[in-house]
Structures are given as C-alpha cells and as structure tokens.
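*Asks:* I would like the atomic coordinates for the input below:
(4 chains)
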There are 2 protein chains.
Amino acid sequence: MDGLTINQAAATTGWSPRMLRYLESTGLVTPPRTASDYRIYGPGELQRLRTLRNLLDSQEIEISDVGFAQRMRSQPDLQSAVEGWLDAPIAPPEGVADTADWLRFEQDKHERLLALAGGAS
Amino acid sequence: MDGLTINQAAATTGWSPRMLRYLESTGLVTPPRTASDYRIYGPGELQRLRTLRNLLDSQEIEISDVGFAQRMRSQPDLQSAVEGWLDAPIAPPEGVADTADWLRFEQDKHERLLALAGGAS
DNA sequence: GGAACCTTACCACGCCTCTGTCAGGGTTGT
DNA sequence: ACAACCCTGACAGAGGCGTGGTAAGGTTCC
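*Replies:* Alright, predicted model coming up:
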C-alpha cells in the first residue's frame, strides 16, 4: 500500500467517500486499485481532488460542466462541432439575392405548412 | 417587419415556440425585438436554430452543454481555470523529499482528524 | 372591433445530477 | 477471530433542465 484509502482521502480532501466514488464514475478522478479492488489515492489524486474543489467553489460551475469540458478534450470532432456552431456568424448567409426574396420564401413556406395542417382533404 | 415571428420561426425550424423562448433565456439564440417586444427571427437566427438542432442530434449533447461552452468562450478566466485543471498532471508534485514521508504525514493527519471527532474532551 | 397573433408569468411533469444512507459480502490488521 | 475497513448495488430526496400547457393582458391585421 502506497497511498490513502477512500475514507482517509475523504478526510483530507473534504469530499465524502460517496462523492469520491461518484467522481470516479464521471471519469474526473480515477484512482488505481489494489489487487482486491480497493481504491488507492496517491498525492496526485489528492491534489486533483483539492484543486477540483477550488475550481468548483471559485467559478460558478458544476461537476458535469467539468466532465463536459473533459469530453470535448478527448473528442476533437465534438469540440470542432461545438466551436463551429459558436463561431458561426449571426449575420444572414450570402447567396440569397435579396432579403425581401428570402422573407417571402420563408413566409410562403409557413403558409404551406399551415395549409397542410389545416385543410388536408 | 423584416423577419419571422416566433410561431413562423418555430414552424420552419422544427422547434416549438416554447423552446425558442427557452433558448433565448439560455443566451444561445437571442433574436432582436420590435418596439412592442415581438421577437423577430431573421435568416441568421433561423440558420442558427437549424444548425443547433443538427449539433444536438449529431453529437450526444445537451442544450446546457452548449451554454457552458459559450460561457467558457466569454469568460477567459473560467476557461483557463477549467483547462488548467484538466491539464494538471496526475503525477505527485515534486518537493516532498520522499513518498514515505508524505504518506506518513497524510496518515497522521487522518488520525488527528479521528481524534478530534472521537475523543474531544 | 374582433380574430389571431404576441408578451410575461406561472404550474406541472419526467428525467438527470448530486448526495446521503443502508444492506450484503469480501479484506486487512492486530 | 474479530473489529474495522473496503467493495458494489440499490433506494431516496432535493434541485435543476427540458418541455408542455394555460391564463391575463397588449398588438396587428382585416
């Protein structure tokens, strides 16, 4: 044994043992195990637990948020998809000749939908 | 008026009017308003709504996740705090002479805590 | 001026997150 | 061998998210 058990780690970090297991289930802090499946918290894990607590306290964020950030880290396609959406301009796309044309097109579409819903014979 | 009303926008994007208002409350899609507070969805907002739907469908993601990503965008200190935590090494910090010393220190700390909890006279 | 639309503000429901607690069974240390 | 610890799995409850509905009141169009 070269590390703390879950209750010892809980006592020194301020997390409850339940939460340490929960954090492991989210993939945020994953301690190694002994041969008989006891969790072993080394200095690295303890540091990570303490700084995680600081992070959650200082910023207004939740565990699941950090989990999502980690997920974006490991899935580049997800990251590029999200950032692509965020970076997309709010301005209208070019290629439609005139705003008035576009507007008429969309409003007609709306009326077609209403017609479908209403007087479908 | 040079844009669609909320019901028209809902019909062409597939979102419900309720959800368009909800998305505005999360800050993800914020249409401008008329003088009498009607929401006006222009081509840009419609595009954004459709691509948001694509994003949520294609990736395994929730609205609040996108909201969090946007929040990290606009708050650089939050972003650096989260990424700093994610990038922190799992390895023990240097500076402690010996792992055995550290271990003894932490375990002693544990016992002090137990003593406080148990036999506080 | 009335129908059809828009606004905000609530209530409600199902699901998920976070957190605690407990039961049944295996492991460690003295 | 016995206390004290660890494991998993389950139930439970507070609170937030995503979504729908509905009511009371202003706006727009014919």
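*Asks:* What number of residues are in the vicinity of A:Ser25?
*Replies:* Neighbour count of A:Ser25, defined by other C-beta atoms under 10 Å in any protein chain shown: 9. Yep, even glycine has a C-beta here, placed from its N, CA and C like the rest.
*Asks:* ugh, typo on my part, it should be A:Ser80
*Replies:* 12.
*Asks:* quick one: the strand or helix carrying it near chain B?
*Replies:* Secondary-structure assignment from DSSP states H and E places A:Ser80 in helix A:76-87. Yes. Counting by C-beta under 8 Å from any C-beta of the partner chain, chain B has neighbours in helix A:76-87: A:Asp77, A:Leu78, A:Ala81, A:Val82, A:Glu83, A:Trp85, A:Leu86.
*Asks:* quick one: contacts for the first one?
*Replies:* This points to A:Asp77. With contacts defined as C-beta atoms under 8 Å, 6 or more residues apart in numbering or on different chains, A:Asp77 is in contact with B:Gln59.
*Asks:* Look up the closest residue to the residue nearest the centre of chain A, ignoring the ones flanking it.
*Replies:* By C-alpha atoms, centre = their mean, the mean C-alpha position of chain A lies nearest to A:Phe68, the distance being 1.9 Å. Once flanking residues are discounted, A:Phe68 sits nearest to B:Asp65: 4.9 Å by C-beta to C-beta, 6 or more residues apart in numbering or on different chains.
*Asks:* Report the angle between the helix or strand hosting that neighbour and helix B:76-87.
*Replies:* Under the criterion of DSSP H and E, B:Asp65 resides in helix B:63-74. Relative orientation of helix B:63-74 versus helix B:76-87 (axes from the mean of the first three to the mean of the last three C-alpha atoms, to 10 degrees): 110 degrees.
*Asks:* hey, which helix or strand in chain A has the poorest pLDDT?
*Replies:* helix A:99-118 (a mean of 64; mean pLDDT, DSSP states H and E).
*Asks:* B:Ala69 is in contact with A:Glu83, correct?
*Replies:* Yes. Contact criterion C-beta atoms under 8 Å: A:Glu83 and B:Ala69 qualify, at 7.4 Å.
*Asks:* More neighbours: which of those two?
*Replies:* B:Ala69 (21 against 13).
*Asks:* For the more buried one, which non-adjacent residue is closest in space?
*Replies:* A:Val82 (5.0 Å).
*Asks:* now do A:Trp85
*Replies:* Here the residue nearest A:Trp85, using C-beta to C-beta, 6+ apart, is B:Leu55, at 5.1 Å.
*Asks:* Can you give me the pLDDT of that neighbour?
*Replies:* If you check B:Leu55, the pLDDT there is 97.
*Asks:* Tell me the helices and strands packed up against the helix or strand hosting it.
*Replies:* Take DSSP H and E as the rule and B:Leu55 turns out to sit in helix B:43-58. Judged by 3 or more C-beta pairs under 8 Å, 6 or more residues apart in numbering or on different chains; DSSP states H and E, helix B:43-58 is in contact with helix A:76-87, helix A:99-118, helix B:6-13, helix B:17-26, helix B:63-74.
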